[in-house]
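**Student:** pasting a predicted model and its sequence here:
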Amino acid sequence: MKFDISSSELLSGLVICSGSLSSNPVLPILEDYLFTLEDNVLTIAATNLETTIITKVDVMADGNMTVCVPAKILLDTLKALPNQPISFNIDEENLDIKITSSYGEYKLTGNDPADFPEIPTEDEVSTFTSKSSAIVQAINNTSFAVSNDELRLAMTGVLMQLDYNKIIFVATDAQKLVKHSVAGINSEFSDAFIVPKKSILQVKNVMSSDDDVTISYNNKNVFFTFGETKVIARLIDAKYPDYNAVIPASSPNVLTISRSDFQNSLRRIAIYANKTTNQVVLNIAESSLTISAQDLDFANEATEQLSCKYNGEPITISFSAKFLIEMLGILQSDEVELQLDGPSRAGILVPSEQEEGQDLLMLVMPVMVAY
């Protein structure tokens, strides 16, 4: 069986799917792409058993067949070739593969497609659609806050919570929490599921922000479909903690400040903070924010004062500079608000102006360490 294709088009499809190739696979077949040829369309699939990525490219073929192709040698070959037409000749009996380019021939051995893991299908799914750009932004804004603690299985993923006409993305590691809501979802139901961090990052990496995305899910998998590509993620089977319980009902003390000035000051002050706690102290009064840190072990200390807008009672509170800097790096607004309820309560960080159809909230717990 033979098919012809542009080397650059094939390489683009292979790169899309390569995100779900495993570097240390539990099965040798997971090092392969699954090629399925049907009616002049080549479907490429790769999986690591947790995430499966599928994409399609047009080819000129003289038949239909399925074969597994070793991924690394094929990828390396195409990356080393300039863009040109190439031909694949596949022996349907022994699965030997010959690739022909204008430079010469390259031979490799394919593998039995029967050994490739079964790809999940969209059985008994619920489905909704959204703008890809909004989904990508929600993933960007939440995924950094996911926990790495395998003992807290639910928190190692991003919660996607459907609330009729909006979807809420939530991530937390118990020290920080991010909640990002996207409106305009054409859903008529309320539900929730947890997507592993690695899987949802793969969605972000391959999703085009120009397309709408169709999201389908059942009790085992979620399917993200956009353009000619589909990403399938196995869901985390665990109960997500009640994140609303840790979000203060009211935060009457509101600090408004330049995001870049706040972030840059924290970067400088953090140099002098204790390297274990990264603790910085915020002393907030009318029109003035004083940021300080000290490391008693090395007699290091630093203080800076910034102008700001503040509505509330004077307050002194400590946070991890690392967490604040990370959150401020995610926010895109010129100004941010830090909403506070007291020195022992969580702080809420939000952009001063929310984007249309979206609502972003970042929560950070105070550092309760003697200063």
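**Tutor:** Everything's here; your move.
**Student:** for the protein, what helix or strand is lowest in average pLDDT?
**Tutor:** Lowest by mean pLDDT, DSSP states H and E among the helices and strands of the chain is strand 126-131, with a mean of 92.
**Student:** would you mind listing the buried residues in that strand?
**Tutor:** Within strand 126-131, the residues that qualify as buried are 128, 129, 130, 131, counting by 16 or more other Cβ atoms under 10 Å. For every residue, glycine as well, the C-beta is placed using N, CA and C.
**Student:** next, format these as a markdown table and append distance to residue 308.
**Tutor:** Rendered in a markdown table, the data for these read as follows (distance: Cβ to Cβ, whole Å):
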| residue | distance to residue 308 |
| --- | --- |
| 128 | 41 |
| 129 | 41 |
| 130 | 36 |
| 131 | 34 |
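**Student:** just the strands in the stretch 1-150 of the chain please.
**Tutor:** Here the stretch 1-150 of the chain has its strands, by DSSP state E, counting those that start in this stretch, at 2-6, 32-38, 41-47, 51-58, 60-61, 65-70, 85-90, 96-100, 105-109, 126-131.
**Student:** mind listing what's buried along the third one?
**Tutor:** I take that to be strand 41-47. Buried residues in strand 41-47, counting neighbours by 16+ other Cβ under 10 Å, are found at 42, 43, 44, 45, 46, 47.
**Student:** now do that strand: which elements does it pack against?
**Tutor:** The contact analysis (3 or more Cβ pairs under 8 Å, 6 or more residues apart in numbering; DSSP states H and E) places strand 41-47 against helix 7-18, strand 32-38, strand 51-58.
**Student:** residues contacting the closest residue to residue 26 other than its chain neighbours?
**Tutor:** Using Cβ to Cβ, 6 or more residues apart in numbering and skipping the chain neighbours, the partner closest in space to residue 26 is residue 49 (7.3 Å). By Cβ atoms under 8 Å, 6 or more residues apart in numbering, the contact set of residue 49 is 22, 26, 30, 117, 234.
**Student:** and the gap between residue 49 and residue 20?
**Tutor:** Plainly put, residue 49 is 9 Å away from residue 20 if you go by Cβ to Cβ, to the nearest Å.
**Student:** next: residue 285.
**Tutor:** 52 Å.
**Student:** more neighbours: which of those two?
**Tutor:** Legend: neighbour count by other Cβ atoms under 10 Å for residue 285 and residue 20, higher for residue 20 (24 against 14).
**Student:** correct me, but the more buried one touches residue 203?
**Tutor:** No: taking Cβ atoms under 8 Å as the definition, residue 20 is not a contact partner of residue 203, at 10.7 Å.
**Student:** now the helices: where do they sit in the protein?
**Tutor:** With DSSP state H as the criterion, the chain has helices at 7-18, 71-79, 132-142, 197-206, 259-270, 321-330.
**Student:** including mean neighbour count and distance to residue 103, could those go into a markdown table?
**Tutor:** Below are the helices of the chain laid out as a markdown table (neighbours: other Cβ atoms under 10 Å; distance: least, Cβ to Cβ, whole Å):
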| stretch | mean neighbour count | distance to residue 103 |
| --- | --- | --- |
| helix 7-18 | 19 | 11 |
| helix 71-79 | 16 | 11 |
| helix 132-142 | 21 | 38 |
| helix 197-206 | 21 | 30 |
| helix 259-270 | 18 | 51 |
| helix 321-330 | 19 | 45 |
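**Student:** not counting sequence-adjacent ones, nearest residue to the residue nearest to the spatial centre of the chain?
**Tutor:** The C-alpha lying nearest the average C-alpha coordinate of the chain belongs to residue 201 (Cα atoms, centre = their mean; 2.9 Å). Sequence neighbours aside, residue 143 is the residue nearest to residue 201 in space, at 5.9 Å (criterion: Cβ to Cβ, 6+ apart).
**Student:** how close does the residue nearest to residue 26 get to residue 116?
**Tutor:** 11 Å.
**Student:** cool, and residue 216?
**Tutor:** To residue 116, residue 216 is 22 Å away according to Cβ to Cβ.
**Student:** tell me where the stretch 201-350 of the chain is predicted with low confidence.
**Tutor:** Judged against pLDDT under 70, the stretch 201-350 of the chain has no low-scoring part.
**Student:** how does it look with 80?
**Tutor:** 208-211 (pLDDT under 80).
**Student:** can you pull out the strands in it?
**Tutor:** Going by DSSP E, counting those that start in this stretch, the stretch 201-350 of the chain shows strands at 212-217, 221-226, 229-234, 253-258, 279-285, 288-295, 300-307, 309-311, 315-320, 335-340, 347-351.
**Student:** sheet partners, orientation included, of the fifth one?
**Tutor:** In other words, strand 279-285. Using DSSP bridges, the strands paired with strand 279-285 are strand 288-295 (antiparallel), strand 315-320 (antiparallel).
**Student:** which one, of the ones you listed, ends up nearest to residue 241?
**Tutor:** strand 315-320 (20.3 Å; Cβ to Cβ).
**Student:** buried ones in the closest one?
**Tutor:** 315, 317, 318, 319, 320.
**Student:** residue contacts, the fourth one?
**Tutor:** Shown here is residue 319, whose contacts under the criterion Cβ under 8 Å, 6+ apart are 279, 280, 282, 347, 364, 366, 367.
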